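S.K.: Sequence and computational prediction follow.
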Amino acid sequence: MTALAKQPPQLVRTRPLMTLNGISKTYDDVTALDDVSAQVYPGEVLGIVGESGSGKSTFLRLMNLQETPDSGSYHLDLPDLPDNLFTLDRFERRMLCARQIGIVYQNPHEGLLMTHSSSGNVAERLLIAGERRFHVLREKAQSALEASEFPIPRMDAPPIELSGGMQQRVQLAKAIALEPAVLLLDEPTTGLDVSVQALVLDTLKRLQQERRITMVLVSHDLGVIRTMADRVMVMRRGQVVEDGLVDQVFQDPQHAYTQQLVHAKL
Amino acid sequence: MTLASLTENWKAFSYGFLDASAKREMRRKMIKAVAVPGCQMPYASREVPIARGWGTGGLQVTLTLLNKASVVKVIDQGADDSVNAASIRRFLTRVSGAEATWDTLDATLIQSRHRVPEEKLRSDQILILQVPNPEPLRPVEPNMSVARQMHADADYGRLWLTLYEQIVRSGRIMQGAAYPSMVNRRHVMAPSPIPRWDVPKLNMAEHLTILSAGREKRIYAVPPHTSVEPLVFDDVPYKVEDHGHLTCIRSGLKGFFMNEIPQEDGTAAHEVSDSHLGIKAIDRTSGEQVEFGETWYKDGEMQQ
């Protein structure tokens, strides 16, 4: 028997990368999330849809450890992390997010320093992670911008001088610069015209296919979710009303609210 | 025998303008600042008879440390004879009885605005730097609460980013004075608006440096033998001002930090910024016996 034959067969990993359990969050007397749970598997794109105020962005902010819920737990299946990431302190959260969780906001002003250079915006993430070599910062920033299909001759232009689509590409480059385990996308194409939306989605799709990045995509646009996501979660008033494979949910919606959404949009 | 004859004559408890409680506040905060090098300590900054922003922070520290045995030197941009330095020096000697000097070697307390003397300071000397803006994070984070959190987390990425931006835009680091520096490998401080030339003088020095901002009510310190490292990229070395080759037109000194004096014909002449070092050099040339201390820089190169 050869040494190769002695090795156990390679199994497809079936443990979820992200597990959020029983998340509830209230702001004063407004319930933003009510006992929401989700699992995201490695390499998967989870879409979250829902009307404004349904809690989808709050859920994403919790995934990015920007907030702490009233109850619930959050686990990332990566080495040396606690069972519940909400127990991490501010510093630990910042370091974890810098290295393992990338985020692209709907509004580039939230994610970018608009008057710094585009390459500097990408470099900031690398600096937080401890990179102190100028030439390495330049190379890595350029490489991330290239991967986001950003025109390299403009890499030192500040985002304030760029179009909305280009600003989103800078955000994307910043988010993927350290090859995070998870990429969170909060309405990344909202506000862009349709042709630019398509270009940004193509870039996201290519990145996802090439790098198998696990993504969570929040959008109120069912077309975007259908293009990008493998599974979809439909949220309403802080609760998940339906979830499943994208085709299944969109072709055969079970919940009345999902039916209403699908019929309104498609 | 009367009670009066058994007791000492009344003596003013406070000398040096500040009352006892003000000095106690200063002492406590100075001790804290020394205990956590480079960390800004808030303090109750008192009124002193000069305007905020004219060295009230430094003055309060000096007044607290001052006694009759002290020898005080006050410099402003390297000069002992500027109006502000002269006024502060006169005030200090008047309220304390301390002796004043222009010579760095004789001083026990040196209050300075924007310069560290060129002669090496000893362990029995204290350098007090006046600071206008103590917060190095202010240009990148205007919210003070957030800036404090950033210090707590040693989150200095934005400062590095500022340096990155300067290299990208100008091809070199443009930060002149108040170059952000890491103290004791923990806190980044603004070393007051001393030029880049002076920052290495604070690193592992024999003397204690106290930096105080009266208007901003913050005090911080670099104790002796404490590391002070300017923030630099691993592959872009720290550079001081290119003054090593310049010669002072008045004293003939070479290899020290110079003031530029524009000339009628469009050229520039230079004179040594540490004015008393220049005076000593002139005196020596005219045949006087003058004692020179060891200098931090020799032939324009910092001595380790």
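M.R.: On my side now, so go ahead. Residues are numbered from 1 along each chain as shown, chains lettered A, B, ... in the order given.

S.K.: residues touching A:Ala229, list them.
M.R.: A:Ala229 makes contact with A:Val45, A:Leu46, A:Gly47, A:Leu217, A:Val246 under the criterion CB atoms under 8 Å, 6 or more residues apart in numbering or on different chains. Backbone N, C-alpha and C define where each C-beta goes, glycine included.

S.K.: In the beta-sheet assignment, what are the partners of the second one?
M.R.: Beta-bridge partners recorded for A:Leu46 (DSSP bridges): A:Val216, A:Arg231.

S.K.: Spell out which parts of chain B neighbour chain A.
M.R.: Applying CB under 8 Å from any CB of the partner chain, we find that chain B lies next to chain A at B:149, B:152-153, B:155, B:157-158, B:160-161, B:164-165, B:167-169, B:233-236.

S.K.: change it to 6 Å
M.R.: If contact is defined as CB under 6 Å from any CB of the partner chain, the residues of chain B in contact with chain A are B:Asp153, B:Gly157, B:Trp160, B:Leu161, B:Tyr164, B:Glu165, B:Val168, B:Phe233, B:Asp234, B:Asp235, B:Val236.

S.K.: Now the residue of chain B most remote from its centre: which helix or strand?
M.R.: Among the C-alpha atoms of chain B, the one farthest from their average position, using CA atoms, centre = their mean, is that of B:Met1, at 53.8 Å. Secondary structure here is read from DSSP states H and E; on that basis B:Met1 sits in neither a helix nor a strand.

S.K.: What does the pLDDT read for it?
M.R.: We note a pLDDT of 79 for B:Met1 in this prediction.

S.K.: quick revisit: among the residues of chain B next to chain A, which lie within helices?
M.R.: Of these, the ones assigned to helices by DSSP state H are B:Gly157, B:Trp160, B:Leu161, B:Tyr164, B:Glu165, B:Val168.

S.K.: just the helices in chain A please.
M.R.: Assigned by DSSP H, the helices in chain A fall at A:3-6, A:56-63, A:90-100, A:108-111, A:118-128, A:134-147, A:164-176, A:194-211, A:222-228, A:246-251, A:256-265.

S.K.: Equivalent analysis for the stretch 51-200 of chain B, please.
M.R.: Across the stretch 51-200 of chain B, reading from the start of the chain, the helices by DSSP state H, counting those that start in this stretch fall at B:56-65, B:83-96, B:144-152, B:157-170, B:199-202.

S.K.: Up against chain B, what does chain A have?
M.R.: Of all the residues in chain A, those lying near chain B are A:91, A:116-117, A:120, A:123-124, A:127-128, A:132-135, A:156, going by CB under 6 Å from any CB.

S.K.: Kindly recompute the last result at 7 Å.
M.R.: A:90-91, A:94, A:116-117, A:119-120, A:123-124, A:127-128, A:132-135, A:137, A:156 (CB under 7 Å from any CB of the partner chain).

S.K.: Look up how far chain B lies from A:Asp230.
M.R.: A:Asp230 sits 34 Å away from chain B, taking CB to the nearest CB, to the nearest Å as the criterion.

S.K.: how many neighbours does that residue have?
M.R.: A count of nearby residues for A:Asp230, using other CB atoms under 10 Å in any protein chain shown, gives 16.

S.K.: quick one: terminal-to-terminal distance for stretch B:169-188?
M.R.: Using CA to CA, to the nearest Å, the end-to-end distance of stretch B:169-188 comes out at 24 Å.

S.K.: any idea of the pLDDT on the residue nearest to the spatial centre of chain A?
M.R.: Residue closest to the mean C-alpha point of chain A, counted by CA atoms, centre = their mean, is A:Leu184 at 1.1 Å. Note for A:Leu184: predicted pLDDT of 96.

S.K.: same deal with the one 5 residues further on?
M.R.: At A:Thr189, the predicted lDDT confidence score is 88.

S.K.: Just to check, B:Ile210 is in contact with B:Val61?
M.R.: Yes: contact between B:Ile210 and B:Val61 holds when scored by CB atoms under 7 Å: they sit 5.3 Å apart.

S.K.: residues bridging contact with the two, i.e. touching both?
M.R.: The contact sets of B:Ile210 and B:Val61 overlap at B:Met30, B:Ile128 (CB atoms under 7 Å, 6 or more residues apart in numbering or on different chains).

S.K.: and stretch B:116-134, C-alpha only, in PDB?
M.R.: Once non-C-alpha atoms are left out, stretch B:116-134 reads as follows in PDB (Å, rounded to 0.1, in the frame of the first residue of the first chain):
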ATOM      1  CA  VAL B 116      16.900  71.400  23.000                       C
ATOM      2  CA  PRO B 117      20.300  72.900  23.700                       C
ATOM      3  CA  GLU B 118      23.200  71.600  21.600                       C
ATOM      4  CA  GLU B 119      25.300  70.700  24.600                       C
ATOM      5  CA  LYS B 120      24.500  67.400  26.200                       C
ATOM      6  CA  LEU B 121      22.300  67.600  29.300                       C
ATOM      7  CA  ARG B 122      23.300  65.800  32.500                       C
ATOM      8  CA  SER B 123      21.400  63.700  34.900                       C
ATOM      9  CA  ASP B 124      21.200  66.600  37.400                       C
ATOM     10  CA  GLN B 125      19.500  68.800  34.800                       C
ATOM     11  CA  ILE B 126      15.800  69.000  33.900                       C
ATOM     12  CA  LEU B 127      14.500  70.100  30.500                       C
ATOM     13  CA  ILE B 128      11.100  71.700  30.500                       C
ATOM     14  CA  LEU B 129       9.500  72.000  27.100                       C
ATOM     15  CA  GLN B 130       6.600  74.400  26.400                       C
ATOM     16  CA  VAL B 131       4.000  72.600  24.300                       C
ATOM     17  CA  PRO B 132       1.300  74.300  22.300                       C
ATOM     18  CA  ASN B 133      -0.400  71.100  21.000                       C
ATOM     19  CA  PRO B 134       0.200  68.000  23.100                       C
END
